[in-house]
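In: Just a sequence and a predicted model for now, questions to come.
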Amino acid sequence: MWGVYQDLVAFQREIYLTFASHIRTFAETGDWTLLAGYLPMGILFGAAHALTPGHSKAVLATYLTGSTASVPRGLAVSLLLSFVHVGMSVLIALLSLPLVSVAFGSVGRAPLLEDLSRGLLGVIGLWMLLQAVRGAGHAHGGQATAAGFAAGLIPCPLTLFVMTFAISRGVPQAGVAFAAVMMIGVALVLAAVALAAVLFRQQLLRLLASRPRLVDAMTRVIQVLAGIALVLIAANALMDSLLISAES
């Protein structure tokens with residue numbers, strides 16, 4: 001498993017270094033054709049990056065397994081997560097110094113946004129627990145949207161690096177273009193995670209369809225477990241953040 005992770009990191013590094021070279025050339029020539037020819041590699045870059053640990057894959061799978069979201073809604077949540085995850089880095093880079101100085105404690109991390117993200121996920125987890133207790137298991141569109149937005153709030157560090165490099169060369173449009181195609185790769189991986197989670201839940205409930213009481217009980221149990229998992233993820237992340245703040 002470690003070898004696969006190292007291969008993914010090496011693959012990302014190779015694409016990033018090659019793209020950096022294309023950005024230099026674009027900054028010197030302004031020739032979009034040279035840059036556009038390499039942009040599709042951003043899809044592979046985004047997919048490889050999303051396959052590495054992080055990117056809220058576990059959070060996405062946990063939420064969708066515990067909710068009653070359909071396949072289309074699950075895919076919509078994964079797309080929103082991808083857009084916010086990549087878009088937040090683009091926004092921070094474009095706004096540059098004010099947000100970086102406030103939100104970033106170290107390169108590639110955004111402590112304030114991480115705390116906000118985990119806090120919102122904790123609230124969603126508590127709401128899922130309340131729904132399970134009350135027997136209101138329907139996944140509202142607003143809740144699904146909030147989950148996707150909250151999970152995506154943590155910015156993508158590699159997108160930030162690409163944007164920062166492009167801005168330093170005076171061609172932020174090149175960074176935005178690469179971020180856009182990179183988001184496609186991230187979205188494809190997260191969509192696969194969402195699809196697997198929703199189909200797993202649907203298949204499990206389908207197998208139990210002849211026992212409606214058992215299905216209702218299983219739905220509540222899954223929702224409770226998912227809610228507890230989200231609360232624990234949020235609490236653990238927030239505790240780590242408080243410890244880091246206390247030590248610094």
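Out: Looks like it came in fine. Quick caveat, the model's predicted, so the values are computed rather than measured.
In: ok, Val231 touching Ile124?
Out: No: if you go by C-beta atoms under 8 Å, Val231 and Ile124 don't touch, sitting 9.0 Å apart. For every residue, glycine as well, the C-beta is placed using N, CA and C.
In: Give me the more crowded residue out of the two.
Out: Taking other C-beta atoms under 10 Å, Val231 and Ile124 do not tie; Ile124 has more neighbours (24 against 18).
In: That one: what's it in contact with?
Out: Contacts here follow C-beta atoms under 8 Å, 6 or more residues apart in numbering; on that basis Ile124 touches Tyr63, Gln143, Ala146, Ala147, Ala150, Leu230.
In: As CSV, those residues with secondary structure, pLDDT and distance to Leu204 would be great.
Out: Listed next are the contacts of Ile124 as CSV, based on DSSP: H, G, I helix; E, B strand; the rest coil; pLDDT from 0 to 100; distance: C-beta to C-beta, whole Å:
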residue, secondary structure, pLDDT, distance to Leu204
Tyr63, helix, 85, 16
Gln143, helix, 76, 21
Ala146, helix, 82, 25
Ala147, helix, 80, 20
Ala150, helix, 81, 26
Leu230, helix, 74, 19
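In: What is the burial count for Met182?
Out: Here the number of neighbours of Met182 (other C-beta under 10 Å) works out to 29.
In: check contacts around it.
Out: Met182 neighbours (C-beta under 8 Å, 6+ apart): Gly42, Ile43, Phe45, Gly46, His49, Val86, Leu158, Thr159, Val162.
In: Which positions in the one helix or strand the last one maps to come out as buried?
Out: It refers to Val162. Counting by DSSP states H and E, the element that carries Val162 is helix 157-168. If you call a residue buried by 16 or more other C-beta atoms under 10 Å, then helix 157-168 has these buried ones: Pro157, Leu158, Thr159, Leu160, Phe161, Val162, Met163, Thr164, Phe165, Ala166, Ile167.
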